[in-house]
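Q: Show me the folded form of this:
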Amino acid sequence: MKLELITLKKDSSRNQSILFIHGMYHAAWCYEEYFMPYFADLGYDCYALSLQNHGNSDSKKPFWKVRIKDYVEDVKKTVEKIGGNPILIGHSMGGFILQKYLEKYNALAVVLLASVPPKGIIGSTLSVIKNYPFSFLKANLTINLYHIIANKKSAKKLFLPLDLSEEKLDEYHSKLDNEAYLAYLDMLILDLPKTKKINPENILIIGAEKDNINSLSDVKNIAKTYKTTYKIIPNASHDIMLDPNWLIAAKEISNWLDKEVFFLC
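A: Below is the predicted model:
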C-alpha cells in the first residue's frame, strides 16, 4: 500500500521533524501552501501525510470499510519511516486520530488543530443534519459521505472563510476526497478515545472562532479532558491552515514549541 508523503526540508537547523495529519475529506495538500513553508523556514523538516484513500494514497480496503484504527496505523508507519520522534500536528479528524495514536504510542509533542473532541462528532453531526438534511440522508443511504460536501457552497460554509475567492474555492473543492463511512461511525460512537490511556503532557489545543464543524464547546471539552489550556484563533474558519489568519495559528504553535518542547529535542 502506497501512502503519499509530501516533504519539505530547508536548512534543518532544528534537527527536528513535524508530521502533519489532515482531517476529513482533505489530504496532505492542505498543509503545503502555508504551514509547511512556514515551519520549514524555522528549521523543521516538514512532512504531510495523505491517509489511505486520500490524495495520492491508495488502500487495500474498500473505502467505506476503512476504520480509524487503519488511519492510526498509517501514522505509525509514517512515523517509523521518518525516524526519530516527530512533532505531530493533526487537524479535525487528524486530531482525533492522534488521540487514538496516543493510546498506544508516545510522541514528543502533539498539536490538536480544530480537532474532533474525545466525546466524538455527535455535535457536528447534528449541525450537519440541521443545515443539510437531504445531503446527510443521501450520504447515509448510499454510504457515501462525499454527498455532504459535493456542493461547493456547502463545503465553503463548513470548512472555509466566507470571503474566500471563487478561484480559491474551486481549487480547494476540486481536491476534496470522499471519507470512509466506518471511520465516521468510529468518531461518532464506535471507537472514541480511551482518554485515561493518554498522557496529556505536551499537548497544545487550538480552536477557530468561526469554526462550523467543531465548536468552542468542543475545544473546551478537549482542554478539560486533558487538563490543559487552549488558544482560539480569532475570525478563523475550520480549515485554519488555509484561512487568512493561518499565520496567527502557526505562530502560536511555533512559540509553544520553542517554549515548551524544543529543549526536549
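
Q: For residue 228, which residues are in contact?
A: 200, 203, 204, 205 (Cβ atoms under 8 Å, 6 or more residues apart in numbering). (C-beta placed from N, C-alpha, C; glycine too.)

Q: Kindly report the same for residue 189.
A: Each residue near residue 189 by Cβ under 8 Å, 6+ apart is listed here: 120, 122.

Q: same check, this time on residue 154
A: Contacts of residue 154 (Cβ under 8 Å, 6+ apart): 132, 135, 148.

Q: Could you check how far it is from residue 165?
A: With distances taken as Cβ to Cβ, to the nearest Å, residue 154 is found 18 Å from residue 165.

Q: ditto for residue 212
A: Distance of residue 212 to residue 165, computed by Cβ to Cβ: 19 Å.

Q: These two: who's more crowded?
A: A side-by-side neighbour count of residue 212 and residue 165, using other Cβ atoms under 10 Å, places residue 212 first with 18 against 9.

Q: give me the element the nearest residue to the more buried one once chain neighbours are set aside is part of.
A: Closest residue to residue 212 apart from its sequence neighbours, by Cβ to Cβ, 6 or more residues apart in numbering: residue 158 at 5.4 Å. Using DSSP states H and E, residue 158 falls within helix 152-159.

Q: if we can go back for a sec, TSV for the contacts of residue 228, including secondary structure and neighbour count?
A: Output for those, formatted as TSV (DSSP: H, G, I helix; E, B strand; the rest coil; neighbours: other Cβ atoms under 10 Å):
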residue	secondary structure	neighbour count
200	coil	13
203	strand	24
204	strand	22
205	strand	24
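
Q: Just give me the closest of those residues to residue 12.
A: Checking the contacts of residue 228 against residue 12 by Cβ to Cβ gives residue 204 as the nearest, at 22.5 Å.

Q: who touches that closest one in this structure?
A: With contact taken as Cβ under 8 Å, 6+ apart, residue 204 is in contact with 109, 110, 111, 112, 228, 231, 252, 253, 256, 260.

Q: Need the three-state assignment for the third one.
A: The one in question is residue 111. Three-state call for residue 111 (DSSP: H, G, I helix; E, B strand; the rest coil): strand.

Q: what bridges to it?
A: Legend: beta-bridge partners of residue 111 under DSSP bridges are residue 89, residue 204.

Q: what sits against it?
A: Counted by Cβ under 8 Å, 6+ apart, residue 111 has contacts 87, 88, 89, 90, 203, 204, 205, 206, 253, 256.

Q: and with 10 Å instead?
A: Under the criterion of Cβ atoms under 10 Å, 6 or more residues apart in numbering, the contact list for residue 111 reads 18, 20-21, 87-91, 94-95, 98, 202-206, 249, 252-253, 256-257, 261.

Q: Confirm residue 15 sits in a strand?
A: No - counting by three-state DSSP, residue 15 is not part of a strand but coil.

Q: And it, how close does it get to residue 43?
A: 8 Å.

Q: The two: which is more packed in?
A: With neighbours defined as other Cβ under 10 Å, residue 15 and residue 43 compare such that residue 43 has more, 14 against 10.

Q: could you say which helix or strand contains the more buried one?
A: Using DSSP H and E, residue 43 sits within no helix or strand.

Q: before we move on, could you check phi and psi at it?
A: Here is the backbone geometry of residue 43 (degrees, to the nearest 10): phi 100, psi 10.

Q: Next one: it from residue 16, what distance?
A: 8 Å.

Q: do the same with residue 173
A: Distance, residue 173 to residue 16, using Cβ to Cβ: 34 Å.

Q: Which one of those two is surrounded by more residues?
A: Using other Cβ under 10 Å as the criterion, residue 173 and residue 16 rank with residue 16 on top: 22 against 19.

Q: My understanding was that that one contacts residue 257; is that so?
A: Yes - assessed by Cβ atoms under 10 Å, residue 16 is found in contact with residue 257 at 8.5 Å.

Q: hey, where'd the strands end up in the stretch 51-200 of the chain?
A: Secondary structure of the stretch 51-200 of the chain (DSSP state E, counting those that start in this stretch): strands at 87-91, 110-113.

Q: who's in contact with the most centrally placed residue in the chain?
A: By Cα atoms, centre = their mean, the chain has its centre lying nearest to residue 91, at 1.9 Å. By Cβ under 10 Å, 6+ apart, the contact list for residue 91 reads 20-24, 26, 30-31, 35, 97-98, 111-116, 206, 238-242.

Q: Nothing else from me, thank you.
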